[in-house]
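Participant: got a predicted model here, sequence first, then my questions.
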Amino acid sequence: MTETADTTGLTGFFRDHDIHSLAADLRNGHTTSVELVEHSLAAITRLDPTLNAFTAVDAEGALDAARHADAELARGHDRGVLHGIPVAVKDLVDVAGHVTTRGSVVHPGPATADAECVRRLRTAGAVIVGRNVLHEFAFGATGDRSAHGASRNPWDPSRISGGSSGGSAVATAAGMVPLAVGTDTAGSVRVPAALCGVVGFKPAYGAIPAQGVWPLAASLDHVGVFARTATGAAAAYTAMAGRSPDPVRAQRVAWLDPACLGPCDPAIIAALSETLRAAQITVDGTVGLPFAAGEVFEALSVLQSSEAYTEYSAETEQRASDIDPEVLGRLLRGRDTPAWQYVRACRQRDRLRAAADTLLTRFDVLAMPAAPTVATEIDQRAHQIDGHAVEVRSALLSLTCPWNLTGHPALSVPAGVVSGLPVGLQLISAPGNEGMLFDLAARIEHR
């Protein structure tokens, strides 16, 4: 029997409502966009004091947009599945007229225009209700270093949400919104999705435009989405990428052994294996990557910190005392990284991309854990995984960061519970085969 946890006390209206069912209710007159926004605002009011998912809520703007969406539907102007659906946006993404804090007291003034992904969501009829807490400058995997405080896991508020897009995952997992936008530089969508028990999708590099999204490491940054279900994530991807994933069924699935990247809790591997079996997904082989454990994460760290310092050098030099010491240390590592290490990391990225491309000519999809552990305690930095002492951040990102280096699309889908907390199965495909990821994730959801 699958282990479950009681989270009813920390859930809102959208916890049990999929985007497509909401869209159907809007069109058959069972609800209105205004009512959906009111549900969202009520859930935020009740839950956010505990979970801390939002940096700001635009109730007036959201209700105005919802009234407009309802009026359009009444006139027969239907913009698609997201028309009238409430959405939250990571506070790294510009929303016109609002300050993008980047999770820091060091931030610019109000944005003069919507980020391109926000513009596309509005064009699709979505209603922006507010902005979500993130790890400062999006430079962290735990979600507990932010000028706004830690975002908290709805399964257990004493535990991390994951990061850096933690508030977006929490808002979706707790049912405050049915959909949220995040960014992913080393796992910042997939890690919190796995730890909070929602779908998190990182598209192929550049598939969703990053214009108007504050960069951390431009060669690694991806705009991604959180949703209750794979079909909801696919709808958001379609709106923001401007293309629908091809409805293709994966025929060849390989298990990528996480041991080649770092230690993983055996209970998580067992839970994911049981989930694949229950979903009747056949695994055609076990494969690995030609790297020593920790080598890929080290290459990622060199590239990420170097590029991040390029973006935040002025803030680091002029306002160091206003930046969280942990985040500041990562930025300063980029300042102090010699050029030869950056060049070597670039070559390692090329090797990794070639190895991944080779695997994805043999198999349609690679399956592996999204995170090697369940959510740890807030502020916890040291951890044990299968008898190995690990640093929490590097462990959390060890299984997701390869796909930021290579740029392949990757999705985390809820796939069981370990010790009363959710775990995620990560699925990776070649660019253009995103439909296979959504198909497999839907099969897992309906197991």
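Facilitator: Received, thanks.

Participant: next one, pLDDT for the closest residue to Thr112 other than its chain neighbours please.
Facilitator: Once its chain neighbours are removed from consideration, Thr112 has its nearest residue in Ala96; the separation is 6.7 Å (C-beta to C-beta, 6 or more residues apart in numbering). Bear in mind the C-beta positions are built from the backbone N, C-alpha and C, glycine included. Per-residue pLDDT puts Ala96 at 98.

Participant: outline the domain layout of the protein.
Facilitator: Using the TED database, the domain parsing of the chain gives 19-241, 253-295+338-446.

Participant: most tightly packed of these?
Facilitator: domain 19-241 (a mean of 24; mean count of other C-beta atoms under 10 Å).

Participant: distance of the residue nearest to Thr112 from Ala124?
Facilitator: Noted for Ala96: a distance of 17 Å to Ala124, by C-beta to C-beta, to the nearest Å.

Participant: likewise Ala314?
Facilitator: From Ala314 across to Ala124, the span is 36 Å (C-beta to C-beta).

Participant: repeat for Ala169
Facilitator: When C-beta to C-beta is the yardstick, Ala169 and Ala124 sit 22 Å from each other.

Participant: same question for Pro192.
Facilitator: Summarising the geometry, the distance separating Pro192 from Ala124, computed by C-beta to C-beta, is 24 Å.

Participant: likewise for Glu38?
Facilitator: As it turns out, when the distance is counted by C-beta to C-beta, Glu38 lies 21 Å from Ala124.

Participant: ok, now Gly206?
Facilitator: Counting by C-beta to C-beta, the gap from Gly206 to Ala124 is 20 Å.

Participant: then Ala113?
Facilitator: 18 Å.

Participant: what do you get for Ala299?
Facilitator: Taken as C-beta to C-beta, the spacing of Ala299 relative to Ala124 amounts to 37 Å.

Participant: do Gln384 as well
Facilitator: Between Gln384 and Ala124 the distance, using C-beta to C-beta, works out to 45 Å.

Participant: which residues touch the residue nearest to the spatial centre of the chain?
Facilitator: Centre of the chain computed as the mean C-alpha position; nearest residue by C-alpha atoms, centre = their mean is Val189, 1.5 Å away. By C-beta atoms under 8 Å, 6 or more residues apart in numbering, Val189 lies in contact with 165, 168-169, 182-183, 200-202, 222, 224-226, 412.

Participant: try it again with 7 Å
Facilitator: 165, 182, 200-202, 224, 226 (C-beta atoms under 7 Å, 6 or more residues apart in numbering).

Participant: not counting its neighbours along the chain, what's nearest it?
Facilitator: Gly224 (3.7 Å).

Participant: which secondary structure elements does the host helix or strand of that neighbour contact?
Facilitator: Element membership for Gly224 (DSSP states H and E) is strand 222-227. With contacts defined as 3 or more C-beta pairs under 7 Å, 6 or more residues apart in numbering; DSSP states H and E, the secondary structure elements packing on strand 222-227 are helix 166-173, strand 179-184, strand 199-202, helix 230-241.

Participant: now with 10 Å, please.
Facilitator: Here strand 222-227 is seen to pack against strand 86-90, helix 116-123, helix 166-173, strand 179-184, helix 190-196, strand 199-202, helix 230-241, strand 410-418 when contacts are counted using 3 or more C-beta pairs under 10 Å, 6 or more residues apart in numbering; DSSP states H and E.

Participant: could you dump those into CSV with distance to His107 and mean pLDDT added?
Facilitator: As requested, those are exported to CSV (distance: least, C-beta to C-beta, whole Å; pLDDT from 0 to 100):
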stretch, distance to His107, mean pLDDT
strand 86-90, 14, 98
helix 116-123, 17, 98
helix 166-173, 16, 98
strand 179-184, 16, 98
helix 190-196, 22, 98
strand 199-202, 25, 98
helix 230-241, 24, 98
strand 410-418, 29, 98
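
Participant: export those to JSON lines and tack on distance to Ser151?
Facilitator: Rendered in JSON lines, the data for those read as follows (distance: least, C-beta to C-beta, whole Å):
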{"stretch": "strand 86-90", "distance to Ser151": "11"}
{"stretch": "helix 116-123", "distance to Ser151": "20"}
{"stretch": "helix 166-173", "distance to Ser151": "4"}
{"stretch": "strand 179-184", "distance to Ser151": "12"}
{"stretch": "helix 190-196", "distance to Ser151": "8"}
{"stretch": "strand 199-202", "distance to Ser151": "14"}
{"stretch": "helix 230-241", "distance to Ser151": "20"}
{"stretch": "strand 410-418", "distance to Ser151": "17"}
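
Participant: of the ones you listed, which is nearest Glu326?
Facilitator: helix 166-173 (14.9 Å; C-beta to C-beta).

Participant: taking strand 222-227 as reference, get the angle to that closest one.
Facilitator: With axes from the mean of the first three to the mean of the last three C-alpha atoms, to 10 degrees defining the directions, helix 166-173 sits at 30 degrees from strand 222-227.

Participant: in this protein, which spans are helices?
Facilitator: When assigned using DSSP state H, the helices of the chain occupy the ranges 19-27, 33-51, 59-74, 116-123, 166-173, 190-196, 230-241, 266-278, 295-318, 325-336, 339-362, 392-397, 402-406, 434-445.
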